[in-house]
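**Q** sequence? don't have it. structure:
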């Protein structure tokens, strides 16, 4: 049992690394595309704040993920393993396609799909899913509205500034907004893995009650920071250059909008997608320039990938659980 639990925790940390690798674009795409930071400096900056988040925030999201969405009475280690495999599959496929999807939603879908394959729909705790499903729609909408509102405010407040002076000013501010997004990414996304690791320890009997040990927090934030440092450059290109053209003040508005949304929901314990939020912020900035300033064909492909994330990860995880059950009849 101990060896199997360690294996699952190791796979969970691999997923966490892939989460950082896949979602590095959330933290660095705008700051790289506006040339405020070089790619190498940007990933170091983002990875640092991903890890620092371990010491600054509560674990409310991790508790929701660990015990608020699936009834733990029906969960075993095979369910957790299958859920992780489905999420990893979707992360790798969408990274290859350069699509910025939510690793968090892939994990939720995978975890649920494997649990349903084992015990049916009764395992789903509906009240835990309602806020998450609602924020699949609200996250990009909030990001878009905040991004557009900030962009309009910047245009109005600095309307008499020369463009060169405005760029110099916001190049400095964008360092702060990028750091805030990285903090939000670290506290929100790393907590999904914390919840899975704590669920593994609880299911295996190593925790008497469900809680998040601090060493789990450090492991999860460390893994996601390393993944961010590795950087998923295919998705950085999509987020920072293909959706719309950004300048430093536009990058700041998009990042500030995303940071406010992500950090606010993290305090509320709602596991939202940082990908959805920053993508919405970038689109909001693009719309202010002109409606055709956003490449809607690229945005449409991204939205379709968001829609398919939970069901595809769930189906793959259900298949993985079925295979594990055939190999290990006691699964």
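**A** Yep, that arrived. Bear in mind the structure is a predicted one, so any value in this text is a computation, not a measurement.

**Q** Going by C-alpha atoms from here, please, whenever you check contacts or count neighbours.
**A** OK.

**Q** From the contact counts, what lies against the strand or helix carrying residue 185?
**A** When elements are assigned from DSSP states H and E, residue 185 belongs to helix 163-203. Applying 3 or more Cα pairs under 8 Å, 6 or more residues apart in numbering; DSSP states H and E, one finds that helix 163-203 contacts helix 2-33, helix 39-52, helix 60-67, helix 77-97, helix 103-119, helix 214-230, helix 248-268, helix 274-289.

**Q** who's in contact with the second one?
**A** Think helix 39-52. Contacting residues not belonging to helix 39-52 are listed as 24, 27-28, 31-32, 178-180, 182-187, 218, 221-222, 224-226, 228-231 [Cα atoms under 8 Å, 6 or more residues apart in numbering].

**Q** at 7 Å what do you get?
**A** With Cα atoms under 7 Å, 6 or more residues apart in numbering as the test, helix 39-52 has contacts from 27-28, 32, 179, 182-183, 185-186, 221-222, 225-226, 228-229, 231.

**Q** May I see the buried residues of it?
**A** Residues of helix 39-52 classed as buried by neighbour count (16 or more other Cα atoms under 10 Å): 39, 42, 43, 44, 45, 46, 47, 48, 49, 50, 51, 52.

**Q** now swap in the first one and tell me
**A** By neighbour count, with 16+ other Cα under 10 Å as the criterion, the buried positions of helix 2-33 are 5, 8-9, 11-33.

**Q** for the fourth one, same thing?
**A** By neighbour count, with 16+ other Cα under 10 Å as the criterion, the buried positions of helix 77-97 are 77-91, 94-95.

**Q** and that helix with helix 103-119, angle?
**A** 140 degrees (axes from the mean of the first three to the mean of the last three Cα atoms, to 10 degrees).

**Q** re the thing from before, determine how far the helix holding residue 185 lies from the middle of the whole chain.
**A** In terms of Cα atoms, centre = their mean, to the nearest Å, the gap separating the centre of helix 163-203 from the centre of its chain is 9 Å.

**Q** I'd say residue 274 and residue 261 touch.
**A** No - counting by Cα atoms under 7 Å, residue 261 is not a contact partner of residue 274; they are 8.7 Å apart.

**Q** more neighbours, the two?
**A** With other Cα atoms under 10 Å as the criterion, residue 274 and residue 261 differ in neighbour count, and residue 274 comes out ahead with 32 against 25.

**Q** and the gap between that one and residue 169?
**A** Per Cα to Cα, to the nearest Å, residue 274 is found 26 Å from residue 169.

**Q** Next: residue 30.
**A** Per Cα to Cα, residue 30 is found 16 Å from residue 169.

**Q** so who does the nearest residue to residue 247 once chain neighbours are set aside touch?
**A** Counting by Cα to Cα, 6 or more residues apart in numbering, the nearest residue to residue 247 once its immediate chain neighbours are dropped is residue 34, at 5.3 Å. For residue 34, the residues meeting the contact criterion (Cα under 7 Å, 6+ apart) are 246, 247, 248.

**Q** at 8 Å what do you get?
**A** Taking Cα under 8 Å, 6+ apart as the definition, contacts of residue 34 comprise 246, 247, 248, 251.

**Q** CSV for the residues you listed, including pLDDT and distance to residue 173?
**A** Putting these into CSV (pLDDT from 0 to 100; distance: Cα to Cα, whole Å) gives the following:
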residue, pLDDT, distance to residue 173
246, 70, 15
247, 77, 12
248, 82, 9
251, 82, 10
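
**Q** Compare those and tell me which is most surrounded.
**A** Each of the contacts of residue 34 was scored for neighbours by other Cα under 10 Å, and residue 251 scores highest at 31 neighbours.
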